[in-house]
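Q: Mind looking at a prediction? Sequence and model below.
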Amino acid sequence: MRPFALLPLLALVACQTETPPPPPAEPPAPPAPAEDPAAKALQARAAALFQPLPADPPAGTNELTDARIDLGRMLYFDTRLSKNHDVSCNSCHALDNWGVDGKPTSSGHKAQLGGRNSPTVYHASLHVAQFWDGRAKDVEEQAGGPMLNPVEMAMPDGATVTKTLQSIPGYAPLFAAAFPGVENPVSYENAAIAIGAFERKLMTPAPFDAFLGGKLDALSKEQQDGLAAFIDTGCTTCHSGVALGGQAYFKMGLVQPYETTDMGRFDVTKDEADKMVFKVPSLRNIEKTGPYLHDGKVATLDEAITLMGRHQLGKELDAAQVASIKAFLGSLTGDLPTAYIQAPTLPESGPETPKPDPS
Ligand code: HEC
Ligand code: HEC
């Protein structure tokens, strides 16, 4: 028995006298990712063509106070600004659906269809002008239009909008706070300004913004290749700047004619050279805002990219090029500002508030 009894002691002695085993080898620290020079060069090229979203939106002629923005949000969702109380801005520009209705052309009062696809309201304030043809100078001027458009919200005139707003008692203090010191602040004109203030903050920072800011791995390798293809193919001739569009007007069918009866900017300027000229749309969140083009006739993003190559650049892009560019465009999808776009509780109608009118 002795040897056995000694064993624990021996083991103990052994432990104390032998040099302790080396600690298990640490796995070698991964080398600090060497900055990929190709990605760095691409980022520099991109930074010369595009800008990340600003932290604070430009206010234009507006004042972006909380009171004004909160009022603008209510008005954006208020169907009483339409003749039959069934259409609001959010009907055609659903904020939880990337600011669009997803239809080729929108249906408004009495389900009448308009002639053009509804563009997104996200980032619209960053554009040089509003609408496909640029006929309104900014989001404030734009916002008055739909309320009076017979196929959209169909109110007969601005005075009727003003009367309706004045008939809703809860709006009086909110307009007063949004337009301090202004006499008779409850008006159609101020409603449009408040909606504009709300719209100016509708922005969705995306991975591409992080990439432009220097975070090179914000874009996958595939997306980086797509960005290079987007630049090399010539898309940036028209789609550049902070919104990748929104800054210039170009003919649809610049190189190869595109079939449309819409005269675009010609209707605004009556200049022959403006026939079929449209504002270059922004490409932010583009994978979410189909169907595409002013006529909404293009269902998929693949097809839109193919048509752009053909009609605007005279290039037949192959499937791999289209897929590559599409991968890059995916990096323009940002995060919806879920708290900011929460539908607000609206003030109740008063005894004088007009009733819905389906006529
Ligand atoms: C019935 C559907 C409908 C309603 C309601 C509607 N819109 Fe639009 N909106 C459109 C369509 C269609 C266009 C494009 C028309 C054009 O370019 O001629 C448009 C264009 C715009 C644009 C221009 C965006 C750009 O990129 O040029 C903005 C901003 C906008 N609407 C905001 C609003 C606001 C604010 C309201 C509520 C006061 C509103 N819309 C109500 C369908 C609608
Ligand atoms: C010569 C200017 C020009 C070039 C180059 C150009 N585009 Fe466009 N792009 C436009 C215009 C203008 C429109 C709007 C046309 C219309 O609606 O009829 C547009 C529309 C689009 C749309 C649809 C946007 C929407 O909201 O419906 C996508 C997507 C697009 N372009 C991607 C591209 C890509 C990708 C390239 C490169 C292969 C490219 N564009 C090259 C001017 C251009």
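A: That came through, no problem. Ligands and ions are numbered 1, 2, ... in the order given.

Q: from here on, contacts and neighbour counts on C-alpha atoms
A: Noted.

Q: Taking the stretch 201-350 of the chain, what residue is nearest to ligand 1?
A: Evaluated by CA to the nearest ligand atom, the stretch 201-350 of the chain has residue 281 as its residue closest to ligand 1, separated by 6.5 Å.

Q: so that residue touches residue 246, yeah?
A: Yes - contact criterion CA atoms under 8 Å: residue 281 and residue 246 qualify, at 5.2 Å.

Q: The protein: helices as residue ranges?
A: If DSSP state H is used as the criterion, the helices of the chain fall at 2-17, 37-49, 66-77, 89-92, 139-148, 158-166, 171-178, 188-200, 207-212, 221-233, 266-269, 301-307, 313, 319-330.

Q: hey, which of these is tucked in deepest?
A: Highest mean neighbour count among these (mean count of other CA atoms under 10 Å): helix 188-200, with a mean of 25.

Q: so that helix versus helix 158-166, what angle?
A: Counting by axes from the mean of the first three to the mean of the last three CA atoms, to 10 degrees, helix 188-200 lies at 70 degrees to helix 158-166.

Q: Mind listing residues that contact helix 188-200?
A: Residues from elsewhere that reach helix 188-200 (CA atoms under 8 Å, 6 or more residues apart in numbering): 57-59, 62-64, 68-73, 75-76, 121-125, 139-144, 158-159, 161-162, 165, 178-179.

Q: and the residue nearest to residue 236 when sequence neighbours are not counted, what does it touch?
A: Excluding its sequence neighbours, the residue lying closest to residue 236 (CA to CA, 6 or more residues apart in numbering) is residue 230, at 6.9 Å. By CA under 8 Å, 6+ apart, residue 230 lies in contact with 236, 325, 328.

Q: Now do the nearest residue to residue 209 once chain neighbours are set aside, the pLDDT please.
A: Nearest non-adjacent residue to residue 209, counting by CA to CA, 6+ apart: residue 52, 4.7 Å away. Residue 52 is assigned 98 on the pLDDT scale.

Q: before we move on, what about the one 3 residues further on?
A: According to the per-residue confidence, residue 55 scores 93 in pLDDT.

Q: Please tell me how far it sits from residue 48.
A: 19 Å (CA to CA, to the nearest Å).

Q: okay, now the residue of the stretch 51-200 of the chain at minimum distance from ligand 2: neighbour count?
A: The stretch 51-200 of the chain approaches ligand 2 most closely through residue 119 (6.3 Å), counting by CA to the nearest ligand atom. Neighbour count for residue 119, taken as other CA atoms under 10 Å: 27.

Q: Of the contacts of residue 230, which are in range of ligand 2?
A: The residues of the contacts of residue 230 that also fall near ligand 2, by CA under 6 Å from any ligand atom, amount to none at all.

Q: In TSV, list the residues you listed along with pLDDT and distance to residue 242.
A: Formatted as TSV, the contacts of residue 230 follow (pLDDT from 0 to 100; distance: CA to CA, whole Å):
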residue	pLDDT	distance to residue 242
236	98	12
325	98	18
328	98	15
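
Q: Include distance to ligand 1 when you put those residues into JSON lines, please.
A: Formatted as JSON lines, these follow (distance: CA to the nearest ligand atom, whole Å):
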{"residue": "236", "distance to ligand 1": "18"}
{"residue": "325", "distance to ligand 1": "22"}
{"residue": "328", "distance to ligand 1": "21"}
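
Q: Name the nearest of the residues you listed relative to residue 43.
A: Using CA to CA, residue 328 comes nearest to residue 43 of the contacts of residue 230, at 13.1 Å.

Q: Quick check: nearest residue in space to that closest one, chain neighbours excluded?
A: Residue nearest to residue 328 in three dimensions, not counting chain neighbours: residue 223, with 4.2 Å by CA to CA, 6+ apart.

Q: Correct me if wrong: residue 83 contacts residue 155.
A: Yes - using CA under 8 Å, residue 83 is in contact with residue 155, at 5.1 Å.

Q: More neighbours: these two, which one.
A: Taking other CA under 10 Å, residue 83 and residue 155 do not tie; residue 83 has more neighbours (26 against 22).

Q: Any idea how many residues pack against the residue nearest to residue 206 when sequence neighbours are not counted?
A: Distances taken as CA to CA, 6+ apart place residue 334 nearest to residue 206, at 3.9 Å, with adjacent residues excluded. If you count neighbours by other CA under 10 Å, residue 334 ends up with 17.
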